[in-house]
Each structure stands twice: as C-alpha cells, then as structure tokens.
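Participant: With the input below, show me the fold.
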Amino acid sequence: MLIPLFLGAIINTFVPEVLEVGSFTTALFKNGTPVLLGLFFFCLGSQLDVRTTGPTLEKGVAILIGKVGVGMAIGLAVAFLVPGGTLLGLTPLAIIAAMTNSNGALFAALTGQYGNKTDRAAVAVIAVNDGPFITMIALGTAGLASFPIHDLIGLVLPLVLGAVLGNLSRSAREFLSVGEVLLIPFLGFVVGRSINFGTLIESGIQGILLGVATVVISGPMAMLILWLFHVLHRRPRETRNLIAGMAEGTTAGNAIATPAALALVDPTFKAIEAVATAQIAAATVTTALLIPFAVALVASWQKRRGVSPQKELEYYESRQKMSAAVA
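Facilitator: Okay, here's the model as predicted:
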C-alpha cells in the first residue's frame with residue numbers, strides 16, 4: 001500500500017499531467033478510486049465467515065470491543081471536547097480510521113508465533129473492522145458526517161454481496177481472497193495521487209504519534225476486554241492468554257483508503273482527505289514496526305506469570321471433550 005501511495009503522491013506533486021493521457025491509463029490511475037474501492041470491499045466481504053463459533057468468536061468479539069471502542073471514544077472526544085476539533089493536528093477522521101482498523105496479516109503472523117489456534121482463527125472475526133464502515137458509523141451517528149441513504153447503500157452493498165457469496169461458496173471465498181491483496185497496491189496509488197508530497201511530509205510526525213497511540217492504547221484496551229471475558233467465565237489464571245489483544249494494536253494498510261471512501265460519500269471530507277490519508281499512512285508504518293516488540297513483551301510477561309497459550313488451548317479442548325461425553 002505505502003510504496004504505491006508515495007509514487008502517486010510524487011507524480012501528483014511534480015508531474016500530475018502525466019495521468020491525463022486518456023483511455024485506460026486515466027481511467028485506472030486517475031479516476032479509478034470508486035471502482036477499485038468497490039472491488040476491494042467485495043473481495044473483503046467474501047472473507048467474513050458467519051459460521052465462526054466458540055472461543056474463537058468470543059476472542060474476536062472481545063478484542064474488537066476493546067479496539068473499536070477506544071478508537072471511537074478518543075476520536076469523538078477530540079471532535080467534541082478539543083477546541084478546533086483536532087488534537088496536535090490529528091483529525092477525528094484519521095484517529096478513528098487508524099485506531100479502529102487492524103492489520104490482519106500482522107495479527108495472523110504474530111499470533112501464529114506467540115499464540116495458539118484460537119488466537120489465529122480470531123482473524124476471521126476481526127476482519128469486520130476492515131474498511132471505512134466503522135469510521136463511517138462513528139462519524140455518522142455523532143452527527144459529524146452526512147451520508148445520503150442511497151450513497152450509504154451503495155457503499156455497503158459490495159461488502160454484503162461479497163459476504164453472501166463467500167459464505168455460500170468456500171471456493172469463491174478462496175478465489176476472492178487473492179483479489180483483496182491484489183487490489184491494495186492499485187488503491188495505494190490512486191489514493192496517493194490525491195496527495196501533495198509536501199502534505200505527506202508535514203503530516204508524517206502527526207501520523208507517527210497516531211501510530212504510537214494505536215499500539216500503546218488500543219492494544220492494551222483489547223487485552224483488558226479479553227481479560228474481562230476470561231474472568232467472567234472464571235477460567236484458570238494460567239489460561240488467561242492475552243496475546244491476541246496486543247496483536248490487535250495495529251493500523252491496516254487498507255485504512256489508508258478510508259478518507260477517500262468517505263469523501264466519495266460526503267464531499268465535506270474532501271478538504272481533509274489528503275491530510276488524514278497521510279497521517280494514517282504514517283501510523284500504518286509505525287504500528288508495523290512497533291507491534292512485534294509489543295507482542296513479544298506481552299508474551300514474556302505472561303510467561304513470567306505462568307500464563308500459557310498452550311494451557312489455554314488444552315483447557316478449551318478438555319471442555320469440549322467433557323461436553324461431548326455428556327452429550
């Protein structure tokens with residue numbers, strides 16, 4: 001996402017006329033944002049599995065509540081409580097988009113190294129926070145954005161259709177999963193094409209601060225909610241594994257497209273689209289660099305306290321065997 005975004009910004013800054021050549025070039029690289037976003041949301045929707053159950057579903061829901069809740073709370077607090085509606089130059093749009101969205105690939109890699117299979121499988125649930133929809137809900141319900149109903153339906157419909165197809169056909173889900181990854185560099189370029197390179201540099205420091213906040217606030221909050229779920233179920237202390245919560249403290253590359261998606265539906269966001277995009281881009285890089293160290297620290301902390309992902313998995317498996325025996 002990021003290298004194509006930088007290329008798009010450089011071209012827009014120095015030689016914007018190169019994309020005015022016409023035909024397929026202009027259609028794809030200059031005017032292709034709506035089509036690419038629609039295709040991306042369709043492929044993204046196909047990866048949402050409504051059949052996820054058990055500890056995996058619970059774990060995914062818990063860390064989503066923590067991450068999404070704190071991201072929305074901070075973004076809306078800035079909008080309503082901070083004079084001018086920005087904090088250190090960070091817009092509520094950028095804060096909510098960056099702090100509520102998470103990098104599924106990094107989550108899968110880190111939980112694969114430090115967690116267990118219930119951690120890894122939770123990626124199917126947390127995929128719900130991909131894309132602009134949570135940001136749109138937060139801003140819309142708070143009265144900070146206006147989304148005409150027909151535009152709202154048009155934005156959500158590709159995701160819904162993709163989800164229906166993906167849940168009806170496993171082969172369709174596997175086929176479309178490639179499309180989700182394939183479209184990201186194209187999205188990065190067309191989004192970057194709307195940014196002046198100077199804006200990207202000026203917003204970099206703010207984006208780094210946003211990335212640090214995402215790691216140190218949203219990750220621990222997801223851990224806290226996950227811990228509360230463990231406590232409420234009265235699970236043994238050694239099984240209260242929180243790796244998945246910390247691994248959620250990232251910003252996904254696809255969050256970079258959120259300002260562009262919202263600007264298409266509500267043109268009032270056009271004025272801050274470039275700044276918010278640059279801030280989210282910097283936050284994405286920052287979280288990707290920091291989160292492996294943060295997860296390693298949590299894993300080490302758990303080990304010292306006798307908490308083990310393996311013990312958690314064995315606990316779930318023993319409970320399943322007991323339930324099967326009773327049945």
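
Participant: who touches the least confident helix or strand in the chain by mean pLDDT?
Facilitator: In the chain, no helix or strand scores lower on mean pLDDT, DSSP states H and E than helix 197-202, which sits at a mean of 73. Helix 197-202 has contacts (CB atoms under 8 Å, 6 or more residues apart in numbering) with 6, 9-10, 12-14, 274-275, 278, 281. C-beta here means a position set from N, CA and C on the backbone, and glycine is covered the same way.

Participant: What's the first helix or strand after that helix?
Facilitator: Next along the chain after helix 197-202, taking DSSP states H and E as the criterion, comes helix 204-213.

Participant: Can you name the element that comes right after that following helix?
Facilitator: helix 219-232.

Participant: quick check: mean pLDDT across that next one?
Facilitator: For helix 219-232, mean pLDDT rounds to 94.

Participant: list the helices and strands the following helix or strand past that helix packs on?
Facilitator: Using DSSP H and E, the helix or strand that follows helix 219-232 in sequence is helix 243-247. Counting by 3 or more CB pairs under 8 Å, 6 or more residues apart in numbering; DSSP states H and E, the packing neighbours recorded for helix 243-247 are helix 54-81, helix 104-114, helix 117-121, helix 219-232, helix 270-304.

Participant: How many neighbouring residues does the closest residue to Phe29 other than its chain neighbours have?
Facilitator: Spatial nearest neighbour of Phe29, chain neighbours left out: Leu19 (5.3 Å); criterion: CB to CB, 6 or more residues apart in numbering. Number of residues near Leu19 (other CB atoms under 10 Å) recorded here: 19.

Participant: Now distance to Pro132 and mean neighbour count too, for the helices and strands packed on helix 243-247, in JSON lines please.
Facilitator: What follows is the helices and strands packed on helix 243-247, written out as JSON lines (distance: least, CB to CB, whole Å; neighbours: other CB atoms under 10 Å):
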{"stretch": "helix 54-81", "distance to Pro132": "13", "mean neighbour count": "21"}
{"stretch": "helix 104-114", "distance to Pro132": "16", "mean neighbour count": "20"}
{"stretch": "helix 117-121", "distance to Pro132": "25", "mean neighbour count": "21"}
{"stretch": "helix 219-232", "distance to Pro132": "20", "mean neighbour count": "20"}
{"stretch": "helix 270-304", "distance to Pro132": "11", "mean neighbour count": "21"}
